[in-house]
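Participant: The sequence isn't on hand, but the structure is:
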């Protein structure tokens, strides 16, 4: 220009070595209108080579990193991506540069991602991390751990984002399998606990309620009857001549008789709230909520007839 110049250029040295020169010159005009140029040349070979070496190291770090690295524009477009990023999502660099990050993000994760991006653009924070899902080119879901920071221009305005993308699909699969196993184990524990609870409330010989369940159920039904001012009845059953039977034919036959009696009692009670329980050796009890004396006598006659 008419004012001066700044230029970086190469010259060939005496031994054929390339030398980088930074030239600066200023144009002056004499009183008679003659133009003169004064300036200086500085050798900057070491600086240029150091810069080139740094660029090579950056490029190698960027391309060979074990995690995905991407530069994302403020509009969400992929500006530059490394090899690992392409491997994770299954797209080539050129294909990604035609897309935005939103194009391959799972819809359920997109809202949270944009919220974080807006916070960066508003300078409310300098970085964020989140776990999210991408759709690969083959429409397979991959889980990634995403860490994003923002690069500013020399004027302090948002320029682009640097995203570090780590594939955590395998970890997520292990976590899902772990959670499924825990759920199965917890269900088994619940079933086992329920079975043990039922066993603790069941007479081992006859299979009907035992004394423990009788006590608890009777307390509940008694309190309910008092609150509701409703009747409640108990039918006590004592098997006659059982001791003689036991002595005459032995425990095996006598036990089968008790099992048969318990089965008949279960047939007699029909309402969900009614309870048949073994109270002692040859003693049984029926708990009959909402049943008056006449109703209890009727049930007792049925039991006597059945036995």
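Facilitator: Everything's here; your move. The model shown is predicted, which means the values in this text are computed figures rather than measured ones. Numbers count the residues shown, from 1 in each chain.
Participant: CA atoms for contacts and neighbours, from now on please.
Facilitator: OK.
Participant: Can you pull the poorly scored residue ranges out of the stretch 51-200 of the chain?
Facilitator: Residue ranges of the stretch 51-200 of the chain with pLDDT under 70: 56, 58-62.
Participant: I'd like the next helix or strand past the strand or helix carrying residue 236.
Facilitator: Using DSSP states H and E, the element containing residue 236 is strand 232-238. Following strand 232-238 in sequence order, the next helix or strand is helix 242-249 (DSSP H and E).
Participant: mean confidence score for that following helix?
Facilitator: Helix 242-249 carries an average pLDDT of 79.
Participant: Run through the neighbouring helices and strands of that helix.
Facilitator: helix 251-268 (3 or more Cα pairs under 8 Å, 6 or more residues apart in numbering; DSSP states H and E).
Participant: Sort out which residues of the helix it packs on are buried, please.
Facilitator: Neighbour-count burial for helix 251-268, counted by 16 or more other Cα atoms under 10 Å, picks out 254, 255, 257, 258, 259, 261, 262, 263, 264, 265, 266, 268.
Participant: pretty sure the second one contacts residue 205?
Facilitator: What it means is residue 255. Yes. Using Cα atoms under 8 Å, residue 255 is in contact with residue 205, at 7.5 Å.
Participant: can you redo the buried residues of helix 251-268 as TSV with distance to residue 115 and pLDDT?
Facilitator: Listed next are the buried residues of helix 251-268 as TSV, based on distance: Cα to Cα, whole Å; pLDDT from 0 to 100:
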residue	distance to residue 115	pLDDT
254	77	85
255	73	87
257	74	88
258	72	89
259	69	91
261	71	89
262	67	91
263	67	92
264	69	91
265	67	90
266	64	91
268	67	88
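Participant: Closest one to residue 79 out of those residues, please.
Facilitator: Nearest to residue 79 among those, counting by Cα to Cα, is residue 266 at 77.4 Å.
Participant: Tell me the spacing between that closest one and residue 277.
Facilitator: 9 Å (Cα to Cα, to the nearest Å).
Participant: ditto for residue 163
Facilitator: Per Cα to Cα, residue 163 is found 70 Å from residue 277.
Participant: So for those two, which residue has more residues nearby?
Facilitator: Per other Cα atoms under 10 Å, whichever of residue 163 and residue 277 has more neighbours is residue 277, with 27 against 21.
Participant: I figured the more buried one hits residue 206, correct?
Facilitator: No. The pair residue 277 and residue 206 fails to qualify as a contact (Cα under 8 Å) at a distance of 9.3 Å.
Participant: Can you pull out the low-pLDDT segments for the stretch 201-307 of the chain?
Facilitator: Checking the stretch 201-307 of the chain against pLDDT under 70 turns up nothing.
Participant: One more pass at 90, please.
Facilitator: For the stretch 201-307 of the chain, the stretches with pLDDT under 90 are 201-204, 207, 212-213, 238-255, 257-258, 261, 268-272, 279-282, 303-307.
Participant: so which strand or helix has residue 223?
Facilitator: helix 211-228.
Participant: Can you list the helices and strands that that helix packs against?
Facilitator: When contacts are defined as 3+ Cα pairs under 8 Å, 6+ apart, helix 211-228 packs onto strand 232-238, strand 275-278, strand 283-289.
Participant: what angle sits between that helix and strand 232-238?
Facilitator: Counting by axes from the mean of the first three to the mean of the last three Cα atoms, to 10 degrees, helix 211-228 points 150 degrees away from the direction of strand 232-238.
Participant: where does stretch 101-121 sit relative to the chain's centre, distance-wise?
Facilitator: 19 Å (Cα atoms, centre = their mean, to the nearest Å).
Participant: list the buried ones in that stretch?
Facilitator: For stretch 101-121, burial by neighbour count (16+ other Cα under 10 Å) applies to 101, 102, 104, 105, 106, 110, 113, 116, 117, 120, 121.
Participant: Return the subset of those residues lying in strands.
Facilitator: Assignment to strands by DSSP state E places none of the buried residues of stretch 101-121 there.
Participant: ok, those residues vs residue 40, which is closest?
Facilitator: Using Cα to Cα, residue 121 comes nearest to residue 40 of the buried residues of stretch 101-121, at 43.4 Å.
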